[in-house]
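# here are the coordinates; sequence isn't available:
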């Protein structure tokens, strides 16, 4: 049984908001690794983390924009 379009939209907004909140919280946890009193890391480590995060974002944005380079406004 197919959902009506407004129900699909409702679910998209619900899940995207929840997942964005979770993603931001986890990225902020990565930021806590900046505590040099507790952790030791190099600029190379930072570049690796940044590259991995950027690749993941690019891949996700490509899926949401059908591979187009511009980012569509999809959150209301």
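Received, thanks. Small disclaimer: the values here were computed from a predicted structure and weren't measured.

# Just give me how far the helix or strand residue 15 falls within sits from the chain centre.
For residue 15, the host element (DSSP states H and E) is helix 5-31. The chain centre lies 9 Å from the centre of helix 5-31; the measure is Cα atoms, centre = their mean, to the nearest Å.

# I'd like the numbering to begin with 570 instead of 1 from here.
Renumbered: residue one is now 570, and that last one reads helix 574-600.

# tell me the mean pLDDT over that helix?
Summarised as a single mean, pLDDT over helix 574-600 is 95.

# tell me which strands and helices that helix is in contact with?
Counting contacts by 3 or more Cβ pairs under 8 Å, 6 or more residues apart in numbering; DSSP states H and E, helix 574-600 packs against helix 612-633. (Each C-beta comes from the backbone N, C-alpha and C, glycine too.)

# wait, doesn't residue 622 sit right on residue 592?
No. Applying Cβ atoms under 8 Å as the test, residue 622 and residue 592 come out as separate, 10.1 Å apart.

# Give the buried residues for the helix holding residue 584.
Going by neighbour count (16 or more other Cβ atoms under 10 Å), nothing in helix 574-600 comes out as buried.

# Helix or strand: which one has residue 609?
Here residue 609 is assigned to no helix or strand, by DSSP H and E.
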